[in-house]
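Novice: could you work out the structure for the sequence below:
(chains A and B)
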Amino acid sequence: MTQAQAEQPATTEGPFEPRIVAFVCNWCTYAGADLAGTSRLQYAPNVRIVKLPCTGRIDPLFILKAFEGGADAVLVSGCHPGDCHYTSGNYHARRRWTLFRKLLAFTGIDENRLFFSWVSAAEGQKFADLINDLTEKVRAAGPFEAANPARRRICP
Amino acid sequence: MSVTESLRADAAALLADGRAKMILGFRRRGEACIPAFFTAAEQLDQLDYDADSKVNLAAYLRKAEVRECFPFGLVARPAVMRSLLVLAAENQITNDDVRILGVDGDTYHGVLDLNAAGELLRAKYGGLGFDEDDLRRVAEIEAMTPEQRAAFWREQLAKCTRCYACRAACPACYCERCIVERNTPQWISTAARDHGNYAWNVIRAFHLAGRCTACGACEAACPQGIPLMLLNAEVGTTVEAEVGAKVGYDPQAEPVIGTWNENDKEDYIL
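Specialist: Down below sits the predicted model:
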């Protein structure tokens, strides 16, 4: 998908299809997503995966940028505690998210829009179920376009 | 002796015996007290103090021309002492760099080093934190729906002209190159539009997680009257509740972000 396509408003025509951006770590959740694919598990095509070396690499700015670009929801996912390829990246990330999600909720991006999960390389089924669940949740919450405080708008 | 007289006497003594090359304090201009630098004893009759001032003089510590004048004396209320302890914990200043002239309203605490300031804060000012009114407003905003919260902040942040006075007033904002000035890639739009204002103010508040000492200087500096302390209070109370950290009470404290605990909360992680 090109950037132009990705930035089209979600509500052009037809029923609302949520756009979810998933920031995942290379070693666990990406491998889990890969397993879901190679196992031919069906899951909602509403997720755009961005692979990073580690959840510790996921800057809060990435999350803001995704919302700015029009994401209806953001998922951040990595290795279970204790399983980090770099020993402690996910612990660092967890503390950061605990603080950041509260601040985002306080300013209008609440927990229906920002999700966190641990998905290991063996949990292809969990990944598929997770994406299906989130997609349904976000579909129920509706488009974020109008209420999204971080959304890039050219005209005020 | 009044607080001002005591300040002048101790400042003169610090300059006289070389324990300080410069005194960072206030002088009166009209009704207001403004920041002032004193390098000689004969200037010190200008040294004044305003208990209501929200200015945090520790913000000057990042300036190279000020750092050349280490060691120096600094007039500090309790919240400013906490800022100094945060800077010490982040290895920005050492005990040899700064002599604290501790003041609090009508009370004068004398000349303190960082450790003594830490002891004083822990003994007498353990309950320092965010303003009660701010905390009440935070609770009100938390009780709103997400759409109402977004609308509230959209209205507030639309006023932001991106002058960065909040950053200039804050002692904890000392990055040599701020993220908002990085443009390859540009993470935060510099246009004074809603999305850039939102990103800037959210990231500014988040960068102060575990570092904000509730001194109030950013909000006092904001020419647009944006209630920045509400953002800081939200982050600050979360830090206390979730991490259990009291910011600015220990010059050897570990950073809140950059450390972790195996038992950190994760009930929200799927």
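Novice: hey, let's count contacts and neighbours off CA atoms from now on
Specialist: Noted.
Novice: what segments of chain A are strands?
Specialist: Applying DSSP state E to chain A gives strands spanning A:20-25, A:47-52, A:73-78, A:114-118.
Novice: CA atoms only for the shortest one, dumped as PDB, please.
Specialist: In other words, strand A:114-118. Extracted as PDB, the C-alpha positions of strand A:114-118 are listed here (Å, rounded to 0.1, in the frame of the first residue of the first chain):
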ATOM      1  CA  LEU A 114      -4.700   2.400  22.100                       C
ATOM      2  CA  PHE A 115      -4.000  -1.200  22.900                       C
ATOM      3  CA  PHE A 116      -1.000  -3.100  24.300                       C
ATOM      4  CA  SER A 117      -0.300  -6.800  24.200                       C
ATOM      5  CA  TRP A 118       2.300  -9.500  24.700                       C
END
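Novice: quick check: mean pLDDT across stretch B:230-238?
Specialist: Averaging pLDDT along stretch B:230-238 gives 94.
Novice: kindly report the same for stretch B:172-184.
Specialist: Stretch B:172-184 shows a mean pLDDT of 91.
Novice: ok, that stretch near chain A or not?
Specialist: No: Stretch B:172-184 stays clear of chain A (Cα under 8 Å from any Cα of the partner chain), getting no nearer than 9.8 Å.
Novice: please report the distance of B:Leu61 from chain A.
Specialist: Distance of B:Leu61 to chain A, computed by Cα to the nearest Cα, to the nearest Å: 27 Å.
Novice: what residues does that residue make contact with?
Specialist: Neighbour list for B:Leu61: B:67, B:171 [criterion: Cα atoms under 8 Å, 6 or more residues apart in numbering or on different chains].
Novice: and residue 123, how many residues sit next to it?
Specialist: Chain wasn't specified; assuming chain A. The tally of other residues near A:Glu123 (other Cα atoms under 10 Å in any protein chain shown) stands at 19.
Novice: let's do chain B instead
Specialist: 10.
Novice: what residues does chain A put near chain B?
Specialist: Contacts of chain A with chain B, taken as Cα under 8 Å from any Cα, map to A:61, A:64-65, A:68, A:81, A:91-92, A:94-96, A:98-100, A:102-110, A:115-118, A:147-153, A:156.
Novice: list the contacts of B:Arg82.
Specialist: Counting by Cα under 8 Å, 6+ apart, B:Arg82 touches B:118, B:121, B:213, B:247-249.
Novice: hmm, 10 Å instead?
Specialist: Residues near B:Arg82 by Cα atoms under 10 Å, 6 or more residues apart in numbering or on different chains: B:58, B:76, B:88, B:114, B:117-118, B:121, B:128, B:211-215, B:247-251.
Novice: go on, B:Gly248?
Specialist: Going by Cα under 10 Å, 6+ apart, B:Gly248 touches B:78-89, B:118, B:121-122, B:210-213.
Novice: give me the nearest residue to it, chain neighbours excluded.
Specialist: Among residues not flanking B:Gly248 along the chain, B:Arg82 sits closest, at 4.2 Å (Cα to Cα, 6 or more residues apart in numbering or on different chains).
Novice: element containing the one you found, please.
Specialist: Using DSSP states H and E, B:Arg82 falls within helix B:78-89.
Novice: list the buried ones in the helix or strand following that helix?
Specialist: Note on helix B:78-89: by DSSP H and E, the next helix or strand toward the C-terminus is strand B:98-104. Counting neighbours by 16 or more other Cα atoms under 10 Å in any protein chain shown, one finds that the buried residues in strand B:98-104 are B:98-103.
Novice: where do the helices sit along the stretch 51-200 of chain B?
Specialist: In the stretch 51-200 of chain B, the helices defined using DSSP state H, counting those that start in this stretch lie at B:64-67, B:78-89, B:114-124, B:132-142, B:146-157, B:165-169, B:194-207.
Novice: please apply the same query to chain A.
Specialist: For chain A, applying DSSP state H gives helices covering A:3-6, A:29-38, A:60-68, A:89-106, A:124-141.
Novice: which helices and strands does the second one pack with?
Specialist: Okay, so that is helix A:29-38. Helices and strands touching helix A:29-38, by 3 or more Cα pairs under 10 Å, 6 or more residues apart in numbering or on different chains; DSSP states H and E, are strand A:20-25, strand A:47-52, strand A:73-78, helix A:124-141.
Novice: could the ones you listed go into JSON lines alongside mean pLDDT and mean neighbour count?
Specialist: Listed next are the helices and strands packed on helix A:29-38 as JSON lines, based on pLDDT from 0 to 100; neighbours: other Cα atoms under 10 Å in any protein chain shown:
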{"stretch": "strand A:20-25", "mean pLDDT": "95", "mean neighbour count": "26"}
{"stretch": "strand A:47-52", "mean pLDDT": "94", "mean neighbour count": "16"}
{"stretch": "strand A:73-78", "mean pLDDT": "95", "mean neighbour count": "26"}
{"stretch": "helix A:124-141", "mean pLDDT": "94", "mean neighbour count": "18"}
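Novice: nearest to chain A: which residue in the stretch 101-250 of chain B?
Specialist: Nearest to chain A in the stretch 101-250 of chain B, going by Cα to the nearest Cα, is B:Ala150, at a distance of 4.0 Å.
Novice: how many neighbours does that residue have?
Specialist: Burial of B:Ala150 is recorded as 25 neighbouring residues (other Cα under 10 Å).
Novice: which residues sit in contact with it?
Specialist: A:104-110, A:147-150, B:141, B:144, B:156, B:198.
Novice: ok, B:Tyr174 to B:Lys63 distance?
Specialist: In this view, B:Tyr174 and B:Lys63 are 9 Å apart by Cα to Cα, to the nearest Å.
Novice: and those two? Which one has more around it.
Specialist: Shown here are B:Tyr174 and B:Lys63; by other Cα under 10 Å, B:Tyr174 has more neighbours (17 against 10).
Novice: give me the number of residues near the residue nearest to that one when sequence neighbours are not counted?
Specialist: Spatial nearest neighbour of B:Tyr174, chain neighbours left out: B:Arg62 (6.0 Å); criterion: Cα to Cα, 6+ apart. Residues within reach of B:Arg62, counting by other Cα under 10 Å, total 18.
Novice: again, but for A:Gly14
Specialist: By other Cα under 10 Å, the burial measure for A:Gly14, its neighbour count, is 7.
Novice: also the one 4 residues further on?
Specialist: For A:Pro18, the neighbour count with other Cα under 10 Å is 26.
Novice: does it touch A:Val138 like I think?
Specialist: Yes: at 6.3 Å, A:Pro18 counts as touching A:Val138 under the criterion of Cα atoms under 10 Å.
Novice: find residues that contact each of those two.
Specialist: A:72-73, A:144.
Novice: can you tell me which of those residues is closest to B:Arg29?
Specialist: A:Phe144 (50.5 Å; Cα to Cα).
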